[in-house]
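Q: I would like to see how this sequence folds:
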Amino acid sequence: MITQARIREALGQGLPRAAEGESVAVIGAGMAGLVAATELLHAGYAVTVLEAQQRVGGRVQTLREPFSDGLYAEAGAMRIPRAHDLTLHYVNKFGLETRPFTMGNPNAWVMLHGEKVRLGEFRNEHHALRFELNDVEMARAIGDRWAETIQPLLERIRAGGDEAWAEIAQEIDQFSLWEFLEDRGWSQGAIELYCLMFHMEPFLNSAIMEILREEAGDWFTDVVSIVGGMDRLPKSFLPELWPHIRFGSKVTSIAQDSEGVTIQYQNAAGRNLLRANHAIVTLPFSVLRHIEISPPLSRGKQRAIRQLYYDASTKIVLQTRSRFWETNDGIFGGGSVTDMPVRTVYYPDHGRETGRGALLASYTWGEDAHRWGSLSPADRISQAIENIAQLHPEIRDQFEVGASKVWHDDEFAGGAFALFDPGQQTHLYSHIIEPAGRLHFAGEHASLAHAWIQGAIESGLRAAIEVSGG
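A: Below you'll find the predicted structure:
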């Protein structure tokens, strides 16, 4: 298996030079495909990228319409932890400016059971009485209780590194978040309060290893965004890759033999074939399931493609005439927490120079996202306004235009991100990342950093190393 050290070595030193005439097809121009294509191009490979859409970036998508000049919203990825060195390597390489992304703000609101209180003023003894906490739970802030619960695991990881991770996976990979907290003695009331306050309810049945990885990596403690929009990162690859990308090319079948790979794709002109020595497949498995591959992949790979779970996600953005949450409530960045259908509300750090705002009125996952996705686009906007009005009555007068993105209804994504169910890291991960002859697999799902640009980049580099012979 290609190690993290080898991936970083390749990023610094480049890949071994290609043999004359060696060619690679890269399927998908998301972050994994862009990185793999660029690094292989530098190594002398003849690279062709097939992209079904008319844009690059995949699930890095910045919405600039229908918003006024100077405003935008992130339909997909919206933040980068400073701990994500691979992502920041390319951010710095392209000279992209970043700004801090405000994760938490004590001036933001908590609204549970119809009661509204400032986040910094929330106290169990006053505001969590309906959760039936026991005396010990009532005395501890729920965030502190969570930190204490996972602290022993974090200490083992810091002391033991990869070996500790392997041991912990053996011990708890079969646990969901719910089962893990129950095993640690949490009451049902405490679990509910934690999940509402930290927007974890959609992940109650997800593998605890997913949550632990983010906590151990400090992925939410020092976070930035790209000034001008996150799509500036994938677009920065275009000057070099532009001649090598075939937009509007939807792959329909992949075949390989002892000499190479043949890819059939459909574009506006009809069916076409592309022949290459190798192929890097960066499509989400939710999309790959609908593509014919011959000869058939191994049973383990087929099982991974069928079973890997992709989470739903919906975002709803409202443009407002003023930034009333700043002027009236003193909320500059961060997010409010609710048990209403909108769930978490994020206040944008960008756009202040316009005087207007692009409020992320709702960011939901799982079942919450499915429910929003079942509504018409117009109903999403109107119902979000109804919810937001309970936090900010000004929205009724200040609203101008809205937009939404439903990732699980996007035919080119099939979901927002891969998310392991309990046991899937143990039983599926090795099959997800293993090459299949001349086929190599990349994308955030082919990493352990699901849902993050870092995972996509890491997998793209790994696949490029595989193609070049390691």
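Q: so Ile432 sits right up against Ala304, yeah?
A: Yes. With contact defined as CB atoms under 8 Å, Ile432 counts as touching Ala304 (4.8 Å). In short, each C-beta sits where N, CA and C put it, glycine included.
Q: need the overlap of contacts for those two.
A: Taking CB atoms under 8 Å, 6 or more residues apart in numbering as the contact rule, Ile432 and Ala304 both touch Phe285.
Q: buried stuff in stretch 194-208?
A: Within stretch 194-208, the residues scored as buried using 16 or more other CB atoms under 10 Å are 194-203, 206-208.
Q: avg pLDDT for that stretch?
A: Throughout stretch 194-208, pLDDT has a mean value of 96.
Q: got the contact list for the nearest residue to Phe67 once chain neighbours are set aside?
A: Nearest residue to Phe67 in three dimensions, chain neighbours excluded: Gln319, at 5.3 Å (CB to CB, 6 or more residues apart in numbering). Residues in contact with Gln319 (CB under 8 Å, 6+ apart) are Pro66, Phe67, Ser68, Leu71, Arg356, Gly357, Ala358, Leu359, Phe399, Glu400, Val401, Gly402.
Q: report the buried members of these.
A: If we count by 16+ other CB under 10 Å, the contacts of Gln319 have these buried: Phe67, Leu71, Arg356, Gly357, Ala358, Leu359, Phe399, Gly402.
Q: sorry, back to before: bridging residues for the residue nearest to Phe67?
A: Ala358, Val401 (DSSP bridges).
Q: pLDDT at it, what is it?
A: pLDDT, Gln319: 98.
Q: likewise the one 3 residues further on?
A: At Ser322 the predicted local distance difference test score is 98.
Q: just for the stretch 351-470 of the chain, where's the confidence low?
A: In the predicted model, the stretch 351-470 of the chain carries no residue with pLDDT under 70.
Q: go again with 80.
A: Applying pLDDT under 80 to the stretch 351-470 of the chain flags residues 470.
Q: which other residues reach stretch 138-156?
A: By CB under 8 Å, 6+ apart, stretch 138-156 touches 124-125, 128, 137, 164, 167-168, 181, 184, 186, 190, 193-194, 197-198, 212, 215-216.
Q: among these, which lie within strands?
A: Taking DSSP state E, every one of the contacts of stretch 138-156 sits outside strands.
Q: any of the residues you listed buried? List them.
A: 124, 128, 137, 164, 168, 181, 186, 190, 193-194, 197-198, 212, 215-216.
Q: most widely separated two among these?
A: The span of the buried ones among the contacts of stretch 138-156, defined through CB to CB, is set by Ala128 and Ala164 at 34.0 Å.
Q: can you give me the strands for the stretch 151-300 of the chain?
A: 223-226, 245-247, 250-256, 261-267, 270-276, 278-281, 292-294 (DSSP state E, counting those that start in this stretch).
Q: can I get the ones you listed in JSON lines including distance to Leu34?
A: Below are these laid out as JSON lines (distance: least, CB to CB, whole Å):
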{"stretch": "strand 223-226", "distance to Leu34": "15"}
{"stretch": "strand 245-247", "distance to Leu34": "9"}
{"stretch": "strand 250-256", "distance to Leu34": "17"}
{"stretch": "strand 261-267", "distance to Leu34": "18"}
{"stretch": "strand 270-276", "distance to Leu34": "17"}
{"stretch": "strand 278-281", "distance to Leu34": "11"}
{"stretch": "strand 292-294", "distance to Leu34": "23"}
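Q: out of those strands, which gets nearest to His84?
A: Of all the strands of the stretch 151-300 of the chain, strand 223-226 comes closest under CB to CB, at 9.4 Å.
Q: contacts for the closest one next, please.
A: For strand 223-226, using CB under 8 Å, 6+ apart, the contacting residues are 74, 78-82, 91, 96-101, 103, 232-233, 349-350.
Q: can you select the buried ones among those for me in PyMOL?
A: Buried members of these, defined by 16+ other CB under 10 Å, are picked up in PyMOL with:
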select buried, resi 74+78+79+80+81+91+96+98+101+232+233+349+350
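Q: so which of the contacts of strand 223-226 are in strands?
A: Using DSSP E, the contacts of strand 223-226 in strands are Glu74, Ile80, Pro81, Thr98, Arg99, Pro100.
Q: give me the spatial nearest neighbour of the fourth one, chain neighbours excluded.
A: In space, not counting the residues next to it along the chain, Thr98 is nearest to Val224; the distance is 4.0 Å by CB to CB, 6+ apart.
Q: check Gly160 too.
A: Using CB to CB, 6+ apart, the nearest residue to Gly160 is Glu167, at 7.2 Å.
Q: go on, Gly330?
A: Asn107 (5.0 Å).
Q: quick check: the one you found touching Val117?
A: No. When contacts are counted by CB under 8 Å, Asn107 is not listed as touching Val117 (11.4 Å).
Q: between those two, tell me which one has more neighbours.
A: Asn107 (18 against 14; other CB atoms under 10 Å).
Q: which residues does that one contact?
A: Arg118, Leu119, Gly120, Asp329, Gly330, Ile331, Phe332, Gly334.
Q: can you tell me the SS state at it?
A: coil (DSSP: H, G, I helix; E, B strand; the rest coil).
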